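1. give me the fold of what follows.
(one chain, ligands or ions: 1)
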Amino acid sequence: MDPSGKKAVVVGGASGMARATAELLTKKGATVAILDRATSAGADVAKLLGNGATFHPCDVTDAEGTEAALAAALAAMGAIHIAVNTAGGGIGSRTIGRDGPHPLDAFRSVVELNLIATFNLNRLQAWHMSKNDPDEDDERGVIINTASIAAFEGQIGQVAYTAAKAGIAAMSLTMARDLGSFGIRVNAIAPSLFATGAVAGIPDEMATALVRDAAFPKRMGRPDEYAKLALSIIENAMLNGGTIRLDAGQRFAPR
Ligand SMILES: NC(=O)c1ccc[n+]([C@@H]2O[C@H](COP(=O)([O-])OP(=O)(O)OC[C@H]3O[C@@H](n4cnc5c(N)ncnc54)[C@H](O)[C@@H]3O)[C@@H](O)[C@H]2O)c1
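-> As a prediction, the model looks like this:
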């Protein structure tokens, strides 16, 4: 799908990888609606983007509020052709710890934030996309979700995050199959460590240790590298139903 003239919803777009994607999509001629927390820099980012960009505050764990924010984005833009979803995060807790078993509520909330919120976004985004007229390649929409290489090599203490991200990775093919007859594609990106959010503040020494298992380059990824892959997925209609690692050949060790 050529992003020029298309309408894109970028969830988590106030910061990091999604912000870089919003910037690149705007540069390619798309109009962007940012969904992010009310306390985020979403309004300022939308202003900086220009080309009719708008901001719609929501917490993705609030299903009804998210539905309303998506409806507002749709009303502002008239359609949704592209959806990039990055809001998410994890906690550190082992299956059993010194003080007892993993708190079940903490496991639930990580699955809620990453997996259930992503599926909620996807089902609504796909519904809106299904109303689009097909483009010259019969495409109505492209959905990109954010997994993690922890989906495949979860480290010690990442059991909840791994389960949630593995769910996001596993949904890609099934949703692509569900949505194929509508001309809607679904892919996930599985980054290794990227210099964004909380990870950006990691001291240099620790960062070097964290990327020691990468093949090349031995550094954290940059937000624009996520954005470039997102753009490739949007532009290349043969990319569908998969989870693409963006990891410099890194395989997480147990810790
Ligand atoms: N940074 C990494 O090393 C790394 C590696 C693998 C996967 N990821 C995944 O990338 C995503 C985070 O992206 P980033 O690294 O660019 O981080 P980031 O912190 O720069 O951006 C995340 C954005 O999502 C928003 N957000 C978070 N929770 C939200 C909620 N409940 N409702 C609405 N918005 C919310 C934040 O306000 C923020 O603007 C997460 O899904 C994370 O699991 C990150």
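
2. top strand in the chain by residue count?
-> strand 184-191 (DSSP state E).

3. how far out from the middle of the chain is the helix or strand just after that strand?
-> Toward the C-terminal end, the helix or strand that comes next after strand 184-191 (DSSP states H and E) is helix 204-210. Remark: helix 204-210 is offset 25 Å from the chain centroid, using C-alpha atoms, centre = their mean, to the nearest Å.

4. skipping its backbone neighbours, what lies nearest whichever residue of the chain sits closest to the ligand in space?
-> Residue nearest to the ligand within the chain: Gly16 (2.1 Å; C-beta to the nearest ligand atom). For glycine as for every other residue, the C-beta is placed from the backbone atoms N, C-alpha and C. In space, and not counting its chain neighbours, Gly16 is closest to Thr196: 3.3 Å by C-beta to C-beta, 6 or more residues apart in numbering.

5. who touches the residue lying closest to Ala41 once chain neighbours are set aside in this structure?
-> Closest residue to Ala41 in three dimensions, ignoring its sequence neighbours and counting by C-beta to C-beta, 6+ apart: Ala14, at 4.7 Å. By C-beta atoms under 8 Å, 6 or more residues apart in numbering, the residues touching Ala14 are Ile34, Asp36, Arg37, Ser40, Ala41, Gly42, Val45, Phe55.

6. with Leu124 as the reference, measure out to the residue of the chain closest to the ligand.
-> From Gly16 across to Leu124, the span is 23 Å (C-beta to C-beta, to the nearest Å).

7. Gly29: neighbouring residues, count only.
-> Using other C-beta atoms under 10 Å, Gly29 has 12 neighbouring residues.

8. tell me if I'm right that it and Pro3 touch.
-> Yes. Look at Gly29 against Pro3 with C-beta atoms under 8 Å: they come within range, at 6.3 Å.

9. which residues of the stretch 51-200 of the chain fall in strands?
-> 54-57, 82-85, 96-97, 100-101, 141-146, 184-191 (DSSP state E, counting those that start in this stretch).
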